[in-house]
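Asks: Show me how the following folds:
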Amino acid sequence: MYPPDTPPESLALRVGIAADHGGFELKEYLTGMLRAEGWAVVDFGDEGLREGDDYPDFIVPMAAAVASGNVDRGIGICGSGVGACIAANKVDGVRACRVHDLYSAHQGVEDDHMNVLCLGGRVVLEELAWEIVQTFLSARFSTAERHCRRVSKVMALEEIPFRGIL
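Replies: Reported below is the predicted structural model:
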């Protein structure tokens, strides 16, 4: 059965954050808000607004840091949030979702053990994005048997070589 890796409530999460040009301004805003609230933030870039950058260059290292435990949770941002989510989910051990509402921000963690939140910098306003991030970071995996069972099944998919099956 899947072992939950949620840290005790007394420990602050280490948060990785990454964005391309489509999410750069939102990343800067959220990074400032997180640090002002005392969160330990690791910024995976991009470090400046560069129109020609590519989201995988920043999202994948952040997602790898989540999967390896170097950070506890991650936030990936691109223009729509879709590309960031696709790239993050290519990393074994990552459960990323594009979220633009509060319910999914906590439910994704509580039931599905989501560990990377993806946002669209051109889709969600700063204030709502901040509420979503706070909700995501305060949520904890429930460890209910049904949720552990489901997450175990999803994680087992990483071991199946699907290429050539279809």
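
Asks: just how off-centre is stretch 77-94 within its chain?
Replies: A distance of 8 Å separates the centroid of the chain from that of stretch 77-94, by C-alpha atoms, centre = their mean, to the nearest Å.

Asks: what number of residues lie near Cys158?
Replies: One thing to correct before we go on: residue 158 is Glu, not Cys. One way to gauge burial is a neighbour count; for Glu158, by other C-beta atoms under 10 Å, it gives 10. In this view, the C-beta of every residue, glycine as well, is placed from N, C-alpha and C.

Asks: helix/strand/coil for it?
Replies: helix (DSSP: H, G, I helix; E, B strand; the rest coil).

Asks: That one against Asp92, yeah?
Replies: Yes. Counting by C-beta atoms under 8 Å, Glu158 sits close enough to Asp92 to count as a contact (4.7 Å).

Asks: Phi, psi for the closest residue to Val116 other than its chain neighbours please.
Replies: If the residues on either side of it in the chain are set aside, Val116 comes closest to Ala96, at 3.7 Å by C-beta to C-beta, 6 or more residues apart in numbering. The main-chain torsion angles of Ala96 are listed as degrees, to the nearest 10 and equal phi -110, psi 150.

Asks: Tell me how many other residues crowd Ala96.
Replies: As a burial measure, the neighbour count of Ala96 was computed by other C-beta under 10 Å and equals 26.

Asks: is it true that it touches His113?
Replies: No. Ala96 lies out of contact with His113 (C-beta under 8 Å); the separation is 11.3 Å.

Asks: Distance check, the residue nearest to Val116 against Gly38.
Replies: Ala96 sits at a distance of 25 Å from Gly38 (criterion: C-beta to C-beta, to the nearest Å).

Asks: and the lowest-mean-pLDDT helix or strand in the chain, C-alpha only, in PDB?
Replies: Taking mean pLDDT, DSSP states H and E as the measure, the chain has helix 145-156 as its least confident helix or strand, at a mean of 84. Once non-C-alpha atoms are left out, helix 145-156 reads as follows in PDB (Å, rounded to 0.1, in the frame of the first residue of the first chain):
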ATOM      1  CA  GLU A 145      -7.500   3.200   2.900                       C
ATOM      2  CA  ARG A 146      -9.400   4.000  -0.300                       C
ATOM      3  CA  HIS A 147      -7.200   6.900  -1.100                       C
ATOM      4  CA  CYS A 148      -4.000   5.000  -0.400                       C
ATOM      5  CA  ARG A 149      -5.300   2.200  -2.600                       C
ATOM      6  CA  ARG A 150      -6.100   4.500  -5.500                       C
ATOM      7  CA  VAL A 151      -2.800   6.400  -5.300                       C
ATOM      8  CA  SER A 152      -1.000   3.000  -5.200                       C
ATOM      9  CA  LYS A 153      -2.700   2.000  -8.500                       C
ATOM     10  CA  VAL A 154      -1.800   5.300 -10.100                       C
ATOM     11  CA  MET A 155       1.800   5.100  -9.000                       C
ATOM     12  CA  ALA A 156       2.000   1.500 -10.300                       C
END
